[in-house]
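Asks: what's the 3D shape of this:
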Amino acid sequence: MTKVKICGLMEKEHVAAAIEAGADAIGFVFAPSKRQITVEKAQELAKAIPSTVWKVGVFVNPTKEELERAYHEVPLDFIQFHGSETPDDIQSTKYPSIKALSIRSEEDVEAAKGYNTDFFLFDAPQAGSGITFDWQLMKGHAVAQEKVILAGGLNTENVAEAIHRVKPYMVDVSSGVERQGKKDEQLIKAFIQTVKSEER
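Replies: A predicted model of the protein is given here:
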């Protein structure tokens, strides 16, 4: 069954809604964004997250000090790299990692082969925009399916089709479970239920 990551959570009630509905991962954004939170806030929210649910920190070109502090203090299970980090940059951190790639062409998909990370997150060119990318570009890629996380414009209306076409290990949603720029408990629950009702 496809796993679900709810990203950009900032409030206790939204974390609780995601956990209750069966989320497999929670994403905290530490990069500059309207969804950015502090390490202290993430640490507070993480107390309510069971050990079976991944805690993922989203960063853009972070310093090693920023990573170290967040990874150990929250604590995090994975670091999601969303910037221009090189394979060597990521490798040198030694943390369990997810490399996000903005997909405009087949070459962008193939770029994943240059990274030795635990997972790859294939995203729209503008992360958090609510816009999908062309899923056709994922056809015939060389990345193992169990390493594929699909993001970019997913919502309750299109996620079933996305799962059928891409067959990702996990789907990732942020703006697709928001109303007027804020997370919505009902949308979070509906998204997770939609995914969990889709057999691989």
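Asks: how far away is the closest residue to residue 165 other than its chain neighbours from residue 166?
Replies: Closest residue to residue 165 apart from its sequence neighbours, by Cβ to Cβ, 6 or more residues apart in numbering: residue 135 at 4.9 Å. Every residue, glycine included, has its C-beta placed from N, CA and C. From residue 135 across to residue 166, the span is 5 Å (Cβ to Cβ, to the nearest Å).
Asks: overlap in contacts, the two.
Replies: Residues touching both residue 135 and residue 166 (Cβ atoms under 8 Å, 6 or more residues apart in numbering): residue 150.
Asks: quick revisit: what count of nearby residues applies to the residue nearest to residue 165?
Replies: Residues near residue 135, counting by other Cβ atoms under 10 Å, number 18.
Asks: residues touching it, list them.
Replies: Residue 135 makes contacts with 150, 162, 165-166, as judged by Cβ under 8 Å, 6+ apart.
Asks: farthest-separated two in the residues you listed?
Replies: Distances among the contacts of residue 135 were taken as Cβ to Cβ; the most separated pair is 150 and 165, at 9.3 Å.
Asks: related to what we said a few turns ago, mind checking which of the contacts of residue 135 land in strands?
Replies: Using DSSP state E, the members of the contacts of residue 135 that fall in strands are residue 150.
Asks: neighbour count added to the contacts of residue 135, as TSV?
Replies: Formatted as TSV, the contacts of residue 135 follow (neighbours: other Cβ atoms under 10 Å):
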residue	neighbour count
150	28
162	23
165	14
166	20
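Asks: closest one of the contacts of residue 135 to residue 189?
Replies: When the contacts of residue 135 are compared for distance to residue 189 (Cβ to Cβ), residue 162 wins out at 18.6 Å.
Asks: wait, isn't the closest one in contact with residue 171?
Replies: Yes. Taking contacts as Cβ atoms under 8 Å, residue 162 lies within contact range of residue 171: 6.6 Å.
Asks: spit out the residues that contact those two alike.
Replies: 150, 154.
Asks: name the residues that touch the longest helix belonging to the chain?
Replies: Assignment by DSSP state H gives helix 185-196 as the longest helix of the chain. Around helix 185-196, the neighbours that count as contacts under Cβ under 8 Å, 6+ apart are 1-2, 4, 6, 13-14, 17-18, 20-23, 154-156, 159-160, 163, 171, 173, 176-179.
Asks: just the buried ones from those, in ChimeraX syntax?
Replies: A single ChimeraX command suffices to select whichever of the contacts of helix 185-196 are buried according to 16 or more other Cβ atoms under 10 Å:
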select :2,4,6,14,17,18,21,23,154,155,156,159,163,171,173,176,177,178
